[in-house]
Every structure is written in structure tokens, then in C-alpha cells.
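S.K.: Predicted structure and sequence below. I'll ask about it afterward.
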Amino acid sequence: MISKSGQSAKLLRSCHDDFDPDWSDRPAFAVRLDFSDYEAEVPQHQHQQGQLILALHGAVTCKTENGLWIVPPDCGVWIPGGVPHSNQVTSNARLSYLFVQPGAATLPQECCTLSVSPMLREMILRLADVSVNYAPDDHVGRMVRVLLDELAQMPIQGLELPASSHPKIAAITAALMAEPSDRRTLVEWAAHVAMSERSLKRLMVQETGLTFGRWRRQLHLIIALRELASGATVQRVSSDLGYESATAFIVMFKKALGTTPTRYFAR
């Protein structure tokens with residue numbers, strides 16, 4: 001393929017061209033992926049094994065029927081086996097996937113963001129570097145048992161944007177994902193989707209479990225984590241999200257995650 005500059009453009013392929021997670025019968029195995037070699041969007045798919053998506057660099061968002069998750073530093077998104085999902089990665093993303101056989105560990109039955117301890121991270125990376133044909137009682141097999149025990153202890157983080165298939169909520173979600181700086185009020189959104197303010201307020205809580213204001217702040221947090229991880233500046237992200245100043249954005253970020261964006265990503 002030739003680019004407009006006349007130089008050969010790199011042809012990207014689907015990451016699924018290189019491996020099938022369901023072919024292994026081991027309790028767990030891991031792979032590393034550099035998405036400079038792969039297409040940024042992984043269309044909706046599912047597999048028998050559960051999957052932990054760990055971001056080594058950059059960011060990835062994972063979408064299911066019920067929500068949207070971001071994979072920030074020190075965390076991973078857990079997707080139980082059989083759950084249809086799609087992934088969108090930043091162009092600078094380097095990821096590790098950990099696949100876990102059903103029943104191999106006591107793990108959440110629903111998608112969630114899990115904290116990932118430094119020890120767990122290093123064990124996942126070590127597993128990605130060795131053959132998947134390990135024996136249950138060899139060195140790797142014993143490490144996998146410890147890895148799965150450690151994974152089962154990881155606390156759940158609240159980095160989810162609840163989603164809804166209701167057409168009114170889905171329309172608002174699509175509009176704000178496309179233009180997150182849109183500052184229309186609940187009254188204005190109600191008029192946009194042909195509902196009363198009271199009805200939309202009740203529907204939002206019913207479908208997402210959050211008030212409209214809390215839901216929009218969560219959307220802003222998810223987008224901010226993705227963009228900051230891709231290398232965007234705090235000033236640019238705060239502007240793109242419609243904040244009057246970078247300071248106002250930092251206050252929102254610190255209230256949600258307990259620290260400033262700079263310190264969060266310095267970890």
C-alpha cells in the first residue's frame with residue numbers, strides 16, 4: 001500500500017490473526033501485543049476463556065453491552081469467558097493479555113476493572129515470555145497457580161461507564177462520546193430526545209444506576225484517562241472535555257481518583 005507521500009504504508013492486521021485464545025487447555029497463558037503492528041479496533045468477539053487486558057503503555061477501552069471500561073496504569077479489565085466485547089486501543093498501546101480457563105480461579109462473574117499489583121504484573125509478563133506447553137508441576141505451572149491466587153485477591157476499581165441499550169440513553173451516550181465538550185443540561189437533553197426532564201432523570205438512574213451529572217463526570221473521566229495515556233496534555237484534555245480551565249479539570253480528576261493526572265501517570 002502506498003501513502004500520499006509516495007512511501008509504502010504499513011499494512012496492519014488483526015491481532016486475532018496471530019493467536020486463538022481457545023486452543024490452549026492450560027489453566028492460564030499470556031501474550032504481549034504491540035499495537036503499532038495491529039489494527040487499533042478489535043471488533044466485537046468472544047472466547048471461552050476469561051481475559052485480563054493489561055496496558056503496559058498507552059490505553060485501551062473495552063466495550064460490552066452493559067458498559068465501557070478503561071485500562072489505566074496499575075489496572076486491568078477482566079472479561080469473563082463468553083462475554084461479547086470489543087476493544088479500541090490508542091496508537092501507542094502495548095498490551096498484555098492473560099487468558100484464564102473457566103473454573104481455574106475464583107474471579108468476578110461480570111466485567112470489571114481490577115487493580116494489578118506489581119508482583120502480579122511481573123508474573124503475567126513472565127508468563128508471556130515462556131512456552132504455553134508447560135506442565136502443571138513444573139516451574140511455570142507452579143508460578144501460574146500463584147498468579148491465579150494473586151489475581152483472585154485484586155480489588156475492583158470503579159472505572160466503568162455504565163451503558164444502556166435503551167435508545168434514548170444510547171443516543172445521549174453516542175453524542176457525548178463524539179463531542180464530550182457538549183455541556184447541554186439535563187433539561188436540554190430531555191428536549192433533544194423528546195422526553196420530560198423528570199422522565200429522563202428517572203430513566204438515567206434506572207438504566208445506569210447514576211444520576212445524569214455523575215454519569216457524565218464518569219464519561220469525562222474515562223475519556224480523560226484514555227487521552228492522557230495516549231500522550232495528550234492536561235490542558236488539551238481539559239479543553240476537549242469543555243472545562244473552563246485546566247484547574248477545574250484537575251479538581252474533578254483528583255476528586256475521582258485521589259490524585260492529580262500528573263501524579264497518577266507518574267506511578
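M.R.: Yep, that arrived.

S.K.: how far away is the nearest residue to L219 once chain neighbours are set aside from S196?
M.R.: Spatial nearest neighbour of L219, excluding adjacent residues (Cβ to Cβ, 6 or more residues apart in numbering): L161 at 5.4 Å. The C-beta positions use only the backbone N, C-alpha and C, and glycine is treated the same way. Noted for L161: a distance of 25 Å to S196, by Cβ to Cβ, to the nearest Å.

S.K.: Run through the protein and note the low-pLDDT ranges.
M.R.: Scanning the chain for pLDDT under 70 picks out 1-22, 35-40, 73, 267.

S.K.: related to what we said a few turns ago, which of L161 and S196 has more residues huddled nearby?
M.R.: L161 (22 against 11; other Cβ atoms under 10 Å).

S.K.: quick one: contacts for the more buried one?
M.R.: For L161, the contacting residues are G67, L68, W69, W215, Q218, L219, I222, by Cβ atoms under 8 Å, 6 or more residues apart in numbering.

S.K.: 10 Å instead, please
M.R.: Shown in contact with L161 (Cβ atoms under 10 Å, 6 or more residues apart in numbering): 61, 63, 67-70, 173, 177, 208, 210, 215-216, 218-223.

S.K.: The residue nearest to L219: which element?
M.R.: Using DSSP states H and E, L161 sits in strand 160-162.

S.K.: Off-centre distance for that strand?
M.R.: Strand 160-162 has its average C-alpha position 10 Å from the chain's average C-alpha position, going by Cα atoms, centre = their mean, to the nearest Å.

S.K.: Same question for stretch 244-260.
M.R.: That offset, for stretch 244-260, works out to 20 Å (Cα atoms, centre = their mean).

S.K.: that older thread, which among the contacts of L161 count as buried?
M.R.: 61, 63, 67-70, 173, 208, 210, 215-216, 218-223 (16 or more other Cβ atoms under 10 Å).

S.K.: The residues you listed in helices, which ones?
M.R.: T173, T208, W215, R216, Q218, L219, H220, L221, I222, I223 (DSSP state H).

S.K.: which of those sit farthest apart?
M.R.: Between any two of those, the greatest separation by Cβ to Cβ is 16.3 Å, found for T208 and I223.

S.K.: Where do the domain boundaries of this protein fall?
M.R.: Domain assignment for the chain by the TED database gives 28-157, 164-266.

S.K.: so which of those domains is the most packed in?
M.R.: domain 28-157 (a mean of 18; mean count of other Cβ atoms under 10 Å).

S.K.: D137 and R145, how far apart?
M.R.: 10 Å.

S.K.: ignore the last one, R217
M.R.: 40 Å.

S.K.: And R226, by the same measure?
M.R.: From R226 to R145 the distance is 34 Å (Cβ to Cβ).

S.K.: Then R216?
M.R.: Applying Cβ to Cβ to R216 and R145 gives a distance of 43 Å.

S.K.: all strands of the stretch 51-200 of the chain, in order?
M.R.: For the stretch 51-200 of the chain, the strands defined by DSSP state E, counting those that start in this stretch occupy 60-64, 67-71, 75-79, 85-89, 94-100, 112-115, 156-157, 160-162.

S.K.: Tell me which of those lies nearest to E244.
M.R.: strand 160-162 (22.9 Å).

S.K.: Tell me which strands the closest one pairs with, and in which orientation.
M.R.: strand 67-71 (antiparallel) (DSSP bridges).

S.K.: and the angle from the partner strand to strand 94-100?
M.R.: 120 degrees (axes from the mean of the first three to the mean of the last three Cα atoms, to 10 degrees).

S.K.: And strand 67-71, how far out from the chain middle?
M.R.: 4 Å.

S.K.: Thanks again, I'm all set now.
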